[in-house]
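*Asks:* coords please:
(one chain, ligands or ions: 1)
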Amino acid sequence: MPDSAVRAPQLTRPKVKICGTTSVQDAVLCTQAGADALGFIFAPISKRLVSPDVAREASLSVGLTVARVGVFLGQGLDEVLRLAEASRMSAVQLHGALPAEFVETAAQFYPVLRVVKADELSREGERWAADPRVTLMVDAPNPGGGVPLEWEALRAGWPAGAWLAGGLGPGNVREAVHLLRPSGVDAVSRLEASPGVKNPQAVKAFIDAVQGS
Ligand SMILES: O=C(O)c1ccccc1NCC(=O)[C@H](O)[C@H](O)COP(=O)(O)O
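*Replies:* Numbers count the residues shown, from 1 in each chain. Purely as a prediction, here's the structure:
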């Protein structure tokens, strides 16, 4: 059966989040290329770690309509909220094994992009389905690792509204969007010249590919 016979056509294109912003210059570059959201990584283990001061300046440089998402892994709630506030984030992205209460409390302050692994999707999808403050994002086990997921295997249980990350780039994002119809896509590794530094051509090609999908 052709794909068009089993799925309604997507009426709106997925939002595009470009992660790992470490400079004002790259924040402006991604915004001008058409990004809907920029990710700023505050997880200390990341090779794309950004300081709150730079994130704040970048956040204030991109105008009203671009979301600024603070990315956290292995950090306490106090630290998440403190860094998000200091750097003028408009949302938080929470990785790792966390109790639902953690996510719930964070959602009282910021919209949450809750990152889950493929095998957590069903349980977490049910948990947050009725909560508009929490959006699920499915990512590879190693965030920022540039490794794509098995999209076909995700199709059957894909929840409405979920976002997709993991090894997306200009060359494969159209296929992923076609298969899963995510509400948003997120990428970093395949859009960089080096860790933490964007490749302008790759950023533009990625956003253009999503907008044309
Ligand atoms: O990218 C990192 O270094 C990182 C480190 C720790 C936690 C999260 C991290 N990235 C989060 C993202 O949102 C990435 O864009 C996402 O994992 C996709 O990355 P990639 O597969 O490289 O496109």
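
*Asks:* Between the two ends of stretch 64-82, how far is it?
*Replies:* End-to-end span of stretch 64-82 (Cα to Cα, to the nearest Å): 22 Å.

*Asks:* buried set for it?
*Replies:* In terms of neighbour count (16 or more other Cβ atoms under 10 Å), stretch 64-82 has its buried residues at Val66, Ala67, Arg68, Val69, Gly70, Val71, Phe72, Leu73, Gln75, Leu77, Val80, Leu81. (Each C-beta comes from the backbone N, C-alpha and C, glycine too.)

*Asks:* From the chain's centroid, how far away is the host helix or strand of the fourth one?
*Replies:* Just to be clear, that refers to Val69. Val69 belongs to strand 67-73 when assigned by DSSP states H and E. Computed by Cα atoms, centre = their mean, to the nearest Å, the separation of strand 67-73 from the middle of its chain amounts to 8 Å.

*Asks:* Export it to CSV, keeping only CA atoms.
*Replies:* Once non-C-alpha atoms are left out, strand 67-73 reads as follows in CSV (Å, rounded to 0.1, in the frame of the first residue of the first chain):
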residue,chain,number,x,y,z
ALA,A,67,13.0,29.6,20.7
ARG,A,68,16.2,29.3,22.8
VAL,A,69,16.4,25.9,24.4
GLY,A,70,18.7,25.1,27.3
VAL,A,71,20.0,21.5,27.1
PHE,A,72,20.7,19.6,30.3
LEU,A,73,22.0,16.2,31.2
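
*Asks:* quick one: Glu152 is in a helix?
*Replies:* Yes. Counting by DSSP: H, G, I helix; E, B strand; the rest coil, Glu152 is found in a helix.

*Asks:* Could you give the number of residues near it?
*Replies:* If you count neighbours by other Cβ atoms under 10 Å, Glu152 ends up with 9.

*Asks:* can you check His178 too?
*Replies:* The tally of other residues near His178 (other Cβ under 10 Å) stands at 13.

*Asks:* Excluding covalently adjacent residues, which one is nearest to it?
*Replies:* Leaving aside its sequence neighbours, His178 sits nearest to Ser213 (Cβ to Cβ, 6 or more residues apart in numbering; 6.6 Å).

*Asks:* Then Gly145?
*Replies:* Here the residue nearest Gly145, using Cβ to Cβ, 6+ apart, is Ser189, at 6.8 Å.
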